[in-house]
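> Build me a structure from this.
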Amino acid sequence: MKNIVYILISMIALSACDTIEDRETVGPTISPDQLDFAVTQPAAGSNTIFLESKTKGVLPYWDWGTGFSNKLRDTLYIPFAGTFKLKYTAFSAGGPVTDSTTFTVAKNDDAYFDKDPAWKMLTNGGAGQTWVWALDLPSAKIAGNGPEDCLIPTWWTMSESEYNQSAKPLTDEVYMDLQGAANFYWKKPDGSVVKGFFNVIAPFEFNGNKFSAIETLGGVTFPWPTTGKYHFTKMTKDELAVHNYKQFEIAMFKRKGFNY
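Residues are numbered from 1 along each chain as shown. As a prediction, the model looks like this:
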């Protein structure tokens, strides 16, 4: 059996748990002052972070907000700049005992984000970008479907009134940035905001072309389609053609403030 260390946006490679010989046997109850663990970096501000549980007779659990691990020793790679709070919990016969510390990553790893244009194109280079429905699109067709590689709805189309049967204004906003994590916010027409994350995944290949793709995490999606997994047939600083991943459905978004 393998325990999987799950990191948002694939910040850490999947790895198996320590071997049986490397595991601690759960011992007697411990007190907070008995906790012993180390969080180090090879250089100040490094994107690489080393974790080591030194507390005897416990099972460790590490939680840094965007991922977790239950290994005695682990290595993190975090491509985002920021200060991160890390919680260390030791499980013993008497129950869990928790302490915390922080570590700082000095800067985003541009080389990591340059691997796929979606990272920076969707986020204004990481600083943050807001996307809204392209209601003034010249074709007036903001959603529908068509071939997987279509740039606008073609087979079946919906105008704003056809899409919005409730007659409420389409004022949804999607905001993405790379500030401390790959953040994804969906602001709904009622003003409520759902916060989650996104991860760039393998491009969708179709008819000899590659289209950048993402999945959303934490319960957030685009207003439509709402599957949470998308590829983009058009992705510029001003325009997005958002498809269900490998599917026909498409919705048209634009940068907030951009006018056709």
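> Isn't E173 up against T130?
Yes. Counting by CB atoms under 8 Å, T130 is a contact partner of E173 at 5.4 Å. Using the backbone N, CA and C atoms, a C-beta is placed for each residue, glycine as well.
> same question for the one helix or strand V200 maps to, mean pLDDT?
Assigned by DSSP states H and E, V200 belongs to strand 193-206. Here strand 193-206 scores 96 as its mean pLDDT.
> Run through the neighbouring helices and strands of it.
Secondary-structure packing of strand 193-206 (3 or more CB pairs under 8 Å, 6 or more residues apart in numbering; DSSP states H and E): strand 183-187, strand 209-217, strand 229-235.
> Could you pull up the residues touching the residue of the chain most remote from its centre?
Distance to the chain centre peaks in the chain at P28, reaching 38.7 Å (criterion: CA atoms, centre = their mean). Going by CB atoms under 8 Å, 6 or more residues apart in numbering, P28 touches G57, S92, A93, G94.
> Please produce a ChimeraX select command covering the buried subset of the residues you listed.
A single ChimeraX command selects the buried members of the contacts of P28 (16 or more other CB atoms under 10 Å):
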select :92
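> rewinding a little: single out the most deeply packed of the helices and strands packed on strand 193-206.
Per residue and on average, the most neighbours among the helices and strands packed on strand 193-206 fall to strand 229-235, with a mean of 22 (mean count of other CB atoms under 10 Å).
> Would you tell me what the next helix or strand after that strand is?
Using DSSP H and E, the helix or strand that follows strand 229-235 in sequence is strand 239-244.
> The helix or strand following that following strand - what's its average pLDDT?
Next helix or strand after strand 239-244 toward the C-terminus (DSSP H and E): strand 249-255. On average, the pLDDT along strand 249-255 is 98.
> What residues are bridge-paired with S69?
W62 (DSSP bridges).
> Skipping its backbone neighbours, what lies nearest the residue nearest the centre of the chain in space?
Nearest to the mean C-alpha position of the chain, counting by CA atoms, centre = their mean, stands F198 at 2.8 Å. Spatial nearest neighbour of F198, chain neighbours left out: F184 (4.3 Å); criterion: CB to CB, 6 or more residues apart in numbering.
> ok, back up a step: among the helices and strands packed on strand 193-206, which comes closest to Y112?
For those, distance to Y112 was read as CB to CB. The smallest value, 15.0 Å, belongs to strand 209-217.
> from what I can see V39 touches K85, true?
No. Contact criterion CB under 8 Å: V39 and K85 do not qualify, at 10.8 Å.
> These two: who's more crowded?
V39 (18 against 11; other CB atoms under 10 Å).
> sorry, back to before: adding mean pLDDT and distance to F253, write the helices and strands packed on strand 193-206 out as JSON lines.
Shown next, in JSON lines, are the helices and strands packed on strand 193-206 (pLDDT from 0 to 100; distance: least, CB to CB, whole Å):
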{"stretch": "strand 183-187", "mean pLDDT": "97", "distance to F253": "12"}
{"stretch": "strand 209-217", "mean pLDDT": "97", "distance to F253": "13"}
{"stretch": "strand 229-235", "mean pLDDT": "98", "distance to F253": "10"}
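> a markdown table for those strands, including distance to E249?
As requested, the helices and strands packed on strand 193-206 are exported to a markdown table (distance: least, CB to CB, whole Å):
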| stretch | distance to E249 |
| --- | --- |
| strand 183-187 | 17 |
| strand 209-217 | 14 |
| strand 229-235 | 10 |
